[in-house]
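Participant: sharing a sequence plus its predicted fold:
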Amino acid sequence: MLTSDELERYARHIVMREVGGPGQAKLKAARVLVIGAGGLGAPALMYLAAAGVGTLGVVDDDVVSLSNLQRQVIHATADVGRAKTDSARDRIAAINPHVTIRTHRQRLDAGNAMALLADYDLVADGSDNFATRYLVSDACYLARKPLITGALGVFDASLTTIRAHERNAQGDFNPTYRCLFPEPPPDGTVPTCEEAGVLGALTGVLGSMMALEAIREIVGFGEGLVGRLLMVDARAMRFETLAYARDPSNPLNGDKPTICDLAVHAS
């Protein structure tokens, strides 16, 4: 049930035919885990909180630095030196006191991933490295959790939704992250954010789109991004969508799967 305060707070959702009271109730009941309280996680967390997602979890082991503030809008100057999870928690509470916030001040790894995912319905991955993206996508498949994953370049960004544990209308498994990107690039071939830079506003665009995709997945309207990669070119201000399909040779839900746990990610 929505309280009178919640009915007023979410009034602009509730008047929408695609959301309405039932959709808002789904958002209130939802539990979303956001990986990273950085450039992508910051706007995603804020819009998910504003939308009324009932439980938000945030995983991050970092502290706020001054150079984060150009894009990580969930943190403020006074938060420099604080744990990002603590700063994010306080901002979310200020945005919407109806949201339950769970902080996980730790680095997600092969040893804790399955336990972290267990209490959530959906995962939004805003991590900034390939190792974590592959780990999260494999863990979500094994835990049977839908995943929304975003990635940033200097002037480009991409977004897709993975539901590889489910089958499509034709009875085939949906594609995995490994169907889209079979192998991570060799170490050192992709410059880091510190090396190449990043447009702050671009992180806001993609992080907000991650929140939008999560809301659509929870409420159940529109055409999701399963099997589709949304690409953003900030130089040309152009959006394109690439369709991709399950690779029968992928190691997760392929014809001869070889990954049955997260041992492949253990260091």
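Facilitator: Happy to help now that I have it. Numbers count the residues shown, from 1 in each chain.
Participant: distance of Phe155 relative to Val198?
Facilitator: Distance of Phe155 to Val198, computed by C-beta to C-beta, to the nearest Å: 9 Å. The way it works is simple: take the backbone N, C-alpha and C, and place the C-beta from them, glycine included.
Participant: list the contacts for Gly224?
Facilitator: By C-beta atoms under 8 Å, 6 or more residues apart in numbering, Gly224 lies in contact with Thr161, Glu213, Arg216, Glu217.
Participant: surely Thr160 is within a strand?
Facilitator: Yes: counting by DSSP: H, G, I helix; E, B strand; the rest coil, Thr160 is part of a strand.
Participant: show me where the stretch 51-200 of the chain has helices.
Facilitator: Ranges of helices within the stretch 51-200 of the chain are 84-95, 113-117, 130-143, 177-180, 193-196, 200-219, based on DSSP state H, counting those that start in this stretch.
Participant: which one of the ones you listed lies nearest to Gly150?
Facilitator: Gly150 sits nearest to helix 200-219 of all the helices of the stretch 51-200 of the chain, at 5.0 Å, using C-beta to C-beta.
Participant: give me the helices and strands touching that closest one, please.
Facilitator: Helix 200-219 sits against helix 20-29, helix 41-51, strand 122-125, strand 147-152, strand 156-162, strand 228-233, with contacts defined as 3 or more C-beta pairs under 8 Å, 6 or more residues apart in numbering; DSSP states H and E.
Participant: show me the contacts for the closest residue to Ile215 other than its chain neighbours.
Facilitator: Closest residue to Ile215 in three dimensions, ignoring its sequence neighbours and counting by C-beta to C-beta, 6 or more residues apart in numbering: Ala51, at 5.6 Å. Residues touching Ala51, when contacts are defined by C-beta under 8 Å, 6+ apart, comprise Tyr10, His13, Leu27, Ala211, Ile215.
Participant: and those, which is closest to Leu45?
Facilitator: Within those, distances to Leu45 taken as C-beta to C-beta reach their minimum at Ala211, with 8.0 Å.
Participant: correct me, but that closest one touches Ala49?
Facilitator: No: with contact defined as C-beta atoms under 8 Å, Ala211 does not reach Ala49; the gap is 9.2 Å.
Participant: dump the contacts of Gly224 to TSV, plus pLDDT, distance to Gly207 and neighbour count.
Facilitator: Rendered in TSV, the data for the contacts of Gly224 read as follows (pLDDT from 0 to 100; distance: C-beta to C-beta, whole Å; neighbours: other C-beta atoms under 10 Å):
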residue	pLDDT	distance to Gly207	neighbour count
Thr161	98	15	23
Glu213	98	11	24
Arg216	98	15	18
Glu217	98	16	23
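Participant: show me the two of those residues that sit farthest apart.
Facilitator: Checked with C-beta to C-beta, the contacts of Gly224 reach their widest spread between Thr161 and Arg216, with 8.9 Å between them.
Participant: Val73: how many residues sit nearby?
Facilitator: By the criterion of other C-beta atoms under 10 Å, Val73 has 18 neighbours.
Participant: follow-up on the earlier one: could the contacts of Gly224 go into JSON lines alongside distance to Asp261?
Facilitator: Formatted as JSON lines, the contacts of Gly224 follow (distance: C-beta to C-beta, whole Å):
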{"residue": "Thr161", "distance to Asp261": "24"}
{"residue": "Glu213", "distance to Asp261": "28"}
{"residue": "Arg216", "distance to Asp261": "31"}
{"residue": "Glu217", "distance to Asp261": "26"}
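Participant: pick the one among the residues you listed closest to Gly126.
Facilitator: Once C-beta to C-beta is applied, the member of these that ends up nearest Gly126 is Glu213, at 12.1 Å.
Participant: the closest one is in contact with Thr149, isn't it?
Facilitator: No: taking C-beta under 8 Å as the contact criterion, Glu213 and Thr149 are not neighbours in contact, 9.8 Å apart.
Participant: re the thing from before, out of the contacts of Ala51, who's nearest Ala113?
Facilitator: Nearest to Ala113 among the contacts of Ala51: Ala211, at 22.2 Å, using C-beta to C-beta.
Participant: measure the closest one to Ser65 for me?
Facilitator: 24 Å.
Participant: ok, Leu147 next?
Facilitator: Distance of Leu147 to Ser65, computed by C-beta to C-beta: 28 Å.
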